[in-house]
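> need a structure here:
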Amino acid sequence: MRVLRGALFAIALQCVAWRMTLAQEATVFVRHPLKNSGKKPVVQLEYQLPGERTDERHAGDPPLLLVPQGSQACFSVERANPLLYTYTVGSKILKVETPDTVSRILKQLLALAPRAVVPGQGFFAPDTVGTSGPIGQYAATVGQLFRIRTEMEALKLSSDSASNLVELAKAGIMLASEAADTNTVAEDAYKALSDEARKQMTVRMLRAGQLDQADRAKHLAGEFEGAEGLMTQRLCVPMAKDRVRVTLSIAARSGVGADNLKKMTGDEIASFDAEPKSTAALEFGPGVIFNTLRDRSKSFAVAEGKIVENEGDQLLFRPAILANFRSWGPTWIWGTVGISGNDEGISDLFVGVTGRFGYSIAGARLALGVGLAAARLPTGLTKGAVGEALPADVPNIDKIVKKSLVPGFGIVLMATGF
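Next up is the predicted model:
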């Protein structure tokens with residue numbers, strides 16, 4: 001038994017040692033080049049990916065490096081001389097633009113989809129939630145949180161043209177404080193709701209929206225608070241939620257004359273782009289549901305004093321909010337649940353799987369999913385009949401139109417990582 005215990009302990013130690021020899025960060029190795037008679041010398045680069053052995057390297061310029069969120073993207077300077085030089089890393093957030101080939105559809109989609117989660121619009125319309133009462137107050141507060149987070153995002157995206165980045169960061173921190181206070185009010189409003197109210201689909205979606213917006217605002221607050229630090233951070237850059245360009249700067253130490261230096265200095269000796277690889281188990285994002293019905297939809301109207309039935313669309317296009325969760329299969333396959341709505345409440349549902357293939361189309365992270373879709377559509381009449389006159393006690397045709405969820409084959413398209 002002692003021999004068995006000793007063998008198991010030795011195996012465990014070997015496993016731990018093997019895991020410790022694996023790189024946890026993405027690292028780009030740079031050899032500090034010598035001056036070359038005024039000409040810019042060739043900078044030799046090698047790189048190592050997260051999860052690879054620490055003694056494993058790839059030669060050449062690194063591609064877009066995928067780094068797990070919470071890990072780091074690093075420079076390692078070889079032939080470094082810290083007595084004469086200082087070595088600094090900085091990072092700049094890169095805005096990922098949607099490619100022109102799909103931008104028209106997705107920009108329209110992204111402009112429409114948030115309306116499904118803003119109180120007062122979509123399936124949180126006043127007719128559904130109401131502007132008064134506990135649920136209405138909670139919805140209004142979540143809408144305020146959404147507005148503040150949107151302003152923070154817009155301020156962040158305007159930073160490239162800012163004349164004073166420090167002042168811009170201070171404005172972002174003030175918005176972050178406002179977002180935190182608003183989230184506290186929303187939290188109190190949610191706690192004040194009854195158990196029955198919390199079970200309603202509207203409140204559940206509001207709750208998901210509140211938590212998502214609060215998390216995003218907190219993330220943005222961290223970016224504003226660390227703006228100066230990111231410009232001068234040494235060696236490594238932590239990966240958050242944005243693609244970054246990591247740069248290496250080398251300068252002479254104070255008091256060291258340029259004539260005494262034999263190696264190269266500059267603001268950007270080398271650079272590489274790093275993309276955060278999401279580790280979240282659940283993500284929300286806007287998208288669109290394409291629902292192909294088995295049969296054409298129908299509509300009812302009154303023409304020449306009689307009820308008539310007309311054919312509608314067979315392919316439906318619906319902006320939606322999609323919840324994506326990691327599946328038990330390959331890492332690029334996610335489970336997806338989507339919901340869309342209108343003034344009458346929930347209008348469309350989707351359940352299926354989504355393939356998230358990374359940045360495969362001109363630098364934009366697109367995801368495509370398939371599954372079962374259902375749309376709430378007219379299916380018949382609760383009173384009267386086609387070809388007959390509208391019943392005398394019915395003011396308009398909409399009062400007697402029966403609507404049900406009609407299933408179909410669904411396709412979802414979404415732009416992830418926002």
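
> From now on I want contacts and neighbour counts done on CA atoms only, so please keep to that.
Fine.

> what helix or strand is Thr354 on?
strand 345-356 (DSSP states H and E).

> helices or strands next to the helix or strand following that strand in the packing?
Per DSSP H and E, the first helix or strand lying C-terminal to strand 345-356 is strand 366-381. Strand 366-381 sits against strand 282-293, strand 298-303, strand 345-356, strand 401-415, with contacts defined as 3 or more CA pairs under 8 Å, 6 or more residues apart in numbering; DSSP states H and E.

> What are the boundaries of the helices in the stretch 101-250 of the chain?
133-157, 165-191, 195-199, 201-225, 227-232 (DSSP state H, counting those that start in this stretch).

> so what does the third one touch, helix or strand wise?
This points to helix 195-199. Using 3+ CA pairs under 8 Å, 6+ apart, helix 195-199 sits against no helix or strand.

> Show me which positions of that helix end up buried.
By 16 or more other CA atoms under 10 Å, the buried positions in helix 195-199 come out as Arg198.

> what's the neighbour count on Gly133?
Neighbour count of Gly133, defined by other CA atoms under 10 Å: 10.

> same question, Ala154
12.

> List the contacts of it.
By CA atoms under 8 Å, 6 or more residues apart in numbering, the contact set of Ala154 is empty.

> now Leu322
284-287, 336-339.

> pLDDT weak spots in the chain?
Applying pLDDT under 70 to the chain flags the ranges 1-23, 37-38, 82-83, 94-132, 157-165, 226-235, 278-280, 327-332, 356-365, 415-418.

> per-domain residue ranges of it.
21-85+242-277, 129-225, 282-415 (automatic domain parsing).

> Any chance of JSON lines for those domains, columns distance to Ser91?
Output for the domains of the chain, formatted as JSON lines (distance: least, CA to CA, whole Å):
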{"stretch": "domain 21-85+242-277", "distance to Ser91": "5"}
{"stretch": "domain 129-225", "distance to Ser91": "12"}
{"stretch": "domain 282-415", "distance to Ser91": "19"}
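
> buried stuff in stretch 307-319?
Buried-residue list, stretch 307-319, by 16+ other CA under 10 Å: 307-308, 315-316, 318-319.

> picking up where we left off before, okay, the helices of the stretch 101-250 of the chain in CSV with distance to Gly371 next?
CSV is the format used below for the helices of the stretch 101-250 of the chain (distance: least, CA to CA, whole Å):
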stretch, distance to Gly371
helix 133-157, 30
helix 165-191, 33
helix 195-199, 26
helix 201-225, 21
helix 227-232, 42
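
> Relative to Glu344, which of these is closest?
helix 201-225 (11.8 Å; CA to CA).

> Which elements pack onto the closest one?
helix 133-157, helix 165-191.

> Just put those in JSON lines and tack on distance to Leu366.
As requested, the helices and strands packed on helix 201-225 are arranged in JSON lines below (distance: least, CA to CA, whole Å):
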{"stretch": "helix 133-157", "distance to Leu366": "21"}
{"stretch": "helix 165-191", "distance to Leu366": "29"}
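
> Minimum distance to Val406: which of those helices has it?
helix 133-157 (29.1 Å).

> got the angle for the closest one vs helix 165-191?
Helix 133-157 and helix 165-191 are oriented at 160 degrees to each other (axes from the mean of the first three to the mean of the last three CA atoms, to 10 degrees).

> angle of helix 133-157 against helix 201-225?
30 degrees.

> ok so, going back, most tightly surrounded among the helices and strands packed on helix 201-225?
helix 133-157 (a mean of 20; mean count of other CA atoms under 10 Å).

> circling back: the helices and strands packed on helix 201-225: which one's closest to Leu34?
Of the helices and strands packed on helix 201-225, nearest to Leu34 by CA to CA is helix 165-191, at 34.1 Å.

> re earlier: how about the helices and strands packed on helix 201-225, which one is nearest Leu64?
Closest among the helices and strands packed on helix 201-225, using CA to CA: helix 133-157, at 21.6 Å.

> can you pull the contacts of the nearest residue to Val185 once chain neighbours are set aside?
Distance criterion CA to CA, 6 or more residues apart in numbering; nearest residue to Val185, sequence neighbours excluded, is Thr141 at 7.2 Å. For Thr141, the contact set (CA under 8 Å, 6+ apart) comprises 182-183, 185-186.

> what would these look like in CSV with distance to Arg296?
Formatted as CSV, those follow (distance: CA to CA, whole Å):
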residue, distance to Arg296
Thr182, 46
Asn183, 44
Val185, 46
Ala186, 43
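
> Could you let me know which of those residues ends up closest to Gly222?
Asn183 (16.3 Å).

> Would you agree that closest one is in contact with Ala214?
Yes: checked against CA atoms under 8 Å, the pair Asn183 and Ala214 is within contact range at 6.5 Å.

> Give me the common contacts of these two.
What both Asn183 and Ala214 touch, as defined by CA under 8 Å, 6+ apart, is the set Leu145.

> and the gap between Lys92 and Phe272?
According to CA to CA, to the nearest Å, Lys92 stands 11 Å off from Phe272.

> Neighbour count for those two, which is higher?
Neighbour tally, Lys92 and Phe272, criterion other CA under 10 Å: the higher count belongs to Phe272, 19 against 16.

> now, which of the buried residues of stretch 307-319 sits nearest Ala252?
Pro319 (55.0 Å).

> Assign a three-state SS to that closest one, would you?
Under DSSP: H, G, I helix; E, B strand; the rest coil, the three-state class of Pro319 is strand.

> my guess is it meets Ser347, correct?
No: counting by CA under 8 Å, Pro319 does not reach Ser347; the two are 10.7 Å apart.

> quick one on the thing from earlier: nearest approach to Cys236 belongs to which of the domains of the chain?
domain 21-85+242-277 (4.1 Å).

> so how many other residues sit close to the nearest residue to Ser271 once chain neighbours are set aside?
Closest residue to Ser271 in three dimensions, ignoring its sequence neighbours and counting by CA to CA, 6+ apart: Thr247, at 4.3 Å. When neighbours are defined as other CA under 10 Å, Thr247 has 22 of them.

> which ones are touching Thr247?
89-91, 268-272.

> May I ask which two of those residues are separated the most?
Ser91 and Ile269 (13.5 Å).

> and these two? which has more neighbours close in?
Just comparing Ser91 and Ile269: by other CA under 10 Å the higher neighbour count belongs to Ser91, 25 against 17.

> from what I can see the more buried one touches Arg245, true?
Yes: the criterion here is CA under 8 Å, and Ser91 meets it with Arg245 at 5.5 Å.
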